[in-house]
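# could you look at this predicted model? Sequence included:
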Amino acid sequence: MCGIIILLDGDMMSIGDVEFLKEQKILNKVNKLLTNTLDSLGVDVNKGEEDLVEFKKMMWENASSFDDGESMQVMAATSLEADKFFQKQRYFNSLRKVKDKPYFASIVFKDDENSIYNIYMSLTYLKDTDSNNILYDWRSPICSLFYDYETGPCSYDAPGGKVLGTLKRKRQYKIEDGKLVGVFDNSLNIDDEVLQEVLARESSERMKNVVNTIQQEQNKVIRNLEDNNIVVQGIAGSGKTTVALHRIAFLLYRMKNLTSNNILIFSPNNIFTDYISDVLPSLGEANTLQTTFADYLSCFIDEYKSVESFTDFVSRFYSYKEIDPELVRYKQSDEIINDLDNYIDNYVSNCKFTFSFTEGEKNLIDKDYLNELLHEKYSRLPLFERVDEIAEKICSNNYKGKLSRVKTYLKLLYKNSNFEKDYVKILEDFYNSDYFKYTVDSKIIHNSLYKDYINYEDSLILAYLKGKLGGFLYESSIRQVVIDEAQDYNKLQYIIITNIFKKAEFTILGDINQNINPYYSYDSLKDLCSLFKGDTKYLELLKTYRSSPEIIDYTNKILNLKHVNAIRRNTNKPVIIRKGVLNVKDRMCEDIKRLVSNYKSLAIITKDDREALELYDLLKDSFNISLVDYNTKSFNKDLIIIPAYVSKGLEFDSVIIYNNRDNSYKNNERNLLYVACTRCQHELVIYN
């Protein structure tokens with residue numbers, strides 16, 4: 001660390017009054033310019049909104065007098081004006097967000113031509129009346145120096161090429177309500193005062209942006225533009241999700257014509273979606289499209305009212321409700337993909353039109369001709385798309401290009417064939433075939449498929465079957481896909497996803513140590529790299545910022561880990577183990593009262609939802625406590641009870657791990673216990 005200035009109750013320490021006064025004057029100038037810019041922009045935005053309304057009104061009132069060419073010109077002009085207005089409105093809103101904290105850091109950079117640049121970093125940019133940059137957006141190329149280098153020789157990639165030089169100074173600021181509270185000079189990213197102050201804070205209701213504490217290894221993920229796809233292995237607490245969201249903000253800033261509507265995030269559950277909902281808006285960007293994999297599948301699989309969630313799927317295992325775990329394990333395996341492909345190939349090769357037929361009085365449709373179309377001319381297409389093409393071709397041949405009778409021909413084609421477009425029936429046939437390498441009673445198979453909802457493991461197979469036979473949904477508007485908790489997805493899911501989002505690039509983040517899918521696991525997330533088109537980079541995040549060293553030491557022992565690096569300073573609060581507690585309610589009430597009085601948030605994490613409900617009933621009359629499950633969409637973090645497999649991705653100041661004597665974590669459930677324990681930041685208590 002270099003010199004530090006900290007104001008405590010009006011007193012100043014370290015690097016000197018003169019330097020601090022300089023920074024105060026700079027902040028005063030920035031505040032004045034920011035206020036003037038906001039005032040001017042506010043007038044423009046209000047006027048622009050009125051003008052846009054009037055322009056649209058005029059167009060509507062005079063639409064009948066425009067010819068087609070004039071209408072197109074007016075529409076184009078309207079769209080251009082609207083784009084300009086919304087761009088100005090977004091900038092106005094971004095400046096309003098930084099009004100109380102205009103910037104958070106600065107660097108002094110000297111290039112090889114001896115030009116010196118004093119760069120102040122913000123969540124957005126600000127120019128003076130002469131269009132000189134006063135504040136730089138943290139995502140601009142030169143700002144990468146702050147995250148990537150200690151003071152000394154450095155370089156950054158500018159639009160015109162690599163710029164070499166020397167980083168002379170890195171400075172961080174604490175600004176509150178437009179006033180300078182603290183200044184920190186530092187030569188390192190890791191373990192600096194600002195980072196430690198952030199880590200020492202209590203957790204908030206929702207995840208926050210961390211632009212002032214992004215670390216070098218995180219920045220490599222955020223700013224990677226060289227590779228089409230990135231696969232990130234990050235240990236618990238390494239900031240995987242935070243990095244993913246800051247990467248999205250960076251891509252929106254740097255990639256031409258990319259908008260939030262072109263990005264889709266697959267989240268582990270709806271709670272997590274709510275938890276991360278403030279990050280992108282705080283960075284000046286609109287929230288992206290977000291969904292869970294099961295919810296997305298429910299749009300594709302319309303044969304059922306609902307698709308079982310991943311959380312309910314794993315709950316069947318951890319609460320011992322699954323009757324045949326080995327069957328589920330096979331359905332989740334890589335092996336079944338090959339078995340299913342072989343079945344589909346055989347199924348398609350045996351499909352044929354069995355009868356010639358006449359439509360109307362004249363048009364005889366010969367079966368041999370149809371089969372030639374089915375297996376030769378249209379063989380490049382999925383089976384049921386071939387039938388659609390055949391129906392259109394016949395209709396075109398007999399009705400001079402009119403397609404009004406396509407539906408009639410489709411009915412006739414299926415009526416005169418040995419196959420039908422019934423995906424559930426085909427799936428049932430696969431399960432009963434020799435291609436399916438597990439013996440199951442046909443009645444059990446039938447009952448499992450013919451109900452209102454479909455089990456999670458069956459939904460993946462059905463989705464793949466539908467895609468192979470009828471074509472995968474093609475989402476052309478999605479250009480970036482982010483998958484969090486990547487270790488919980490099996491290979492079949494990635495095949496489905498890459499077939500749906502064929503033009504998208506992927507950011508994949510996970511941790512093999514936090515895998516809670518009891519039926520599937522990876523030796524390394526590097527195994528995923530071969531599943532994506534284009535250049536795919538594998539990166540690792542090996543430092544944890546969430547938990548205290550004491551908690552990390554304990555959680556390492558659960559999985560025999562040794563490679564975890566703790567950044568948070570010691571709290572001198574050892575992990576407390578409660579063994580052989582006779583009166584659980586009284587002992588736990590004491591722990592809850594103590595932890596609630598010392599910390600903002602406390603989570604009691606149980607092994608499964610049944611145990612969570614039992615504990616909630618035990619404690620609800622004593623505390624204002626919330627029960628959280630998969631269906632919960634938002635909650636107050638102050639005091640909650642939550643099953644371990646729902647807690648993924650969340651963090652709390654203090655955590656109590658609870659399981660009763662009859663429901664202890666078994667050897668093959670260590671990962672679930674690891675997930676539960678690593679949710680904790682400061683103090684961990686374990687009832688075992």
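Nice, thanks for sending it over. Numbers count the residues shown, from 1 in each chain.
# in the stretch 201-350 of the chain, mark out all the strands, start to finish.
With strands called from DSSP state E, counting those that start in this stretch, the stretch 201-350 of the chain shows them at 229-234, 263-266, 289-291, 306-307.
# partners of the third one, with directions?
Strand 289-291 pairs in its sheet with strand 263-266 (parallel), by DSSP bridges.
# avg pLDDT for the partner strand?
Model confidence over strand 263-266 averages 96 on the pLDDT scale.
# how far out from the middle of the chain is it?
Computed by C-alpha atoms, centre = their mean, to the nearest Å, the separation of strand 263-266 from the middle of its chain amounts to 6 Å.
# pull it out as CSV, backbone CA atoms only.
Written as CSV, here are the backbone C-alpha positions of strand 263-266 (Å, rounded to 0.1, in the frame of the first residue of the first chain):
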residue,chain,number,x,y,z
ILE,A,263,-29.2,-11.2,-24.0
LEU,A,264,-30.6,-14.1,-22.1
ILE,A,265,-29.6,-15.3,-18.6
PHE,A,266,-30.4,-18.8,-17.4
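# re earlier: quick one, which of the strands of the stretch 201-350 of the chain gets closest to residue 461.
Nearest of these to residue 461, taken as C-beta to C-beta: strand 306-307 at 12.1 Å. Glycine gets a C-beta too; all of them are placed from N, C-alpha and C.
# which of the strands of the stretch 201-350 of the chain is buried the deepest?
For these, the largest average neighbour count (mean count of other C-beta atoms under 10 Å) is found in strand 229-234, namely a mean of 25.
# partner strands of that strand, with direction?
strand 505-510 (parallel), strand 536-541 (parallel).
# format the ones you listed as TSV; extra columns: distance to residue 347 and mean pLDDT.
Listed next are the strands paired with strand 229-234 as TSV, based on distance: least, C-beta to C-beta, whole Å; pLDDT from 0 to 100:
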stretch	distance to residue 347	mean pLDDT
strand 505-510	31	97
strand 536-541	33	96
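# want to throw those into JSON lines with mean neighbour count?
As requested, these are arranged in JSON lines below (neighbours: other C-beta atoms under 10 Å):
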{"stretch": "strand 505-510", "mean neighbour count": "24"}
{"stretch": "strand 536-541", "mean neighbour count": "18"}
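# just send those strands back as JSON lines, with distance to residue 106 too.
Formatted as JSON lines, the strands paired with strand 229-234 follow (distance: least, C-beta to C-beta, whole Å):
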{"stretch": "strand 505-510", "distance to residue 106": "29"}
{"stretch": "strand 536-541", "distance to residue 106": "26"}
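# any idea which of those gets closest to residue 618?
Closest of the strands paired with strand 229-234 to residue 618 is strand 505-510, at 34.7 Å (criterion: C-beta to C-beta).
# what about the closest one, distance to the chain center?
Between the mean C-alpha point of strand 505-510 and the mean C-alpha point of its chain there is a distance of 8 Å (C-alpha atoms, centre = their mean).
# helices along the stretch 551-688 of the chain, start to end?
Listed from the start of the chain, the stretch 551-688 of the chain has helices (DSSP state H, counting those that start in this stretch) covering 584-598, 609-619, 670-677.
# most tightly packed of the ones you listed?
Here the criterion is mean neighbour count by mean count of other C-beta under 10 Å, and of the helices of the stretch 551-688 of the chain the winner is helix 670-677, at a mean of 23.
# helices or strands up against that helix?
On a contact count with 3 or more C-beta pairs under 8 Å, 6 or more residues apart in numbering; DSSP states H and E, helix 670-677 meets helix 549-559, strand 652-658.
# CSV for the ones you listed, including mean neighbour count?
Compiled in CSV, the helices and strands packed on helix 670-677 are given as follows (neighbours: other C-beta under 10 Å):
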stretch, mean neighbour count
helix 549-559, 19
strand 652-658, 25
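# could those go into TSV alongside distance to residue 269 and mean pLDDT?
Below are the helices and strands packed on helix 670-677 laid out as TSV (distance: least, C-beta to C-beta, whole Å; pLDDT from 0 to 100):
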stretch	distance to residue 269	mean pLDDT
helix 549-559	22	92
strand 652-658	16	95
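# let's have these in JSON lines, adding distance to residue 496.
Shown next, in JSON lines, are those (distance: least, C-beta to C-beta, whole Å):
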{"stretch": "helix 549-559", "distance to residue 496": "30"}
{"stretch": "strand 652-658", "distance to residue 496": "34"}
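# hey, which helix or strand in the chain has the poorest pLDDT?
Taking mean pLDDT, DSSP states H and E as the measure, the helix or strand of the chain with the lowest value is strand 11-12, at a mean of 33.
# after it, next one along is what?
Once strand 11-12 ends, the next helix or strand along the chain (criterion: DSSP states H and E) is helix 17-62.
# so where's the stretch 1-150 of the chain uncertain?
In the predicted model of the stretch 1-150 of the chain, residues 1-16, 51-52, 55-71, 73-79 satisfy pLDDT under 70.
# correction: the chain
By pLDDT under 70, the low-scoring segments of the chain are 1-16, 51-52, 55-71, 73-79, 187-206, 360-362, 399-403, 563-571.
# show me the residue at the heart of it, geometrically.
Nearest to the mean C-alpha position of the chain, counting by C-alpha atoms, centre = their mean, stands residue 265 at 3.8 Å.
# how close does the residue lying closest to residue 35 once chain neighbours are set aside get to residue 138?
Excluding the flanking residues, the one nearest residue 35 by C-beta to C-beta, 6 or more residues apart in numbering is residue 99, at 7.8 Å. Separation of residue 99 from residue 138 (C-beta to C-beta, to the nearest Å) stands at 17 Å.
# repeat that for residue 467.
Applying C-beta to C-beta, the value for residue 467 to residue 138 is 40 Å.
# for residue 106, same thing?
11 Å.
# one more: residue 448?
Taking C-beta to C-beta as the measure, residue 448 and residue 138 are separated by 52 Å.
# between these two, who's got more neighbours?
Between residue 448 and residue 138, counted using other C-beta atoms under 10 Å, the more crowded position is residue 138 (27 against 16).
# perfect, I'm done here.
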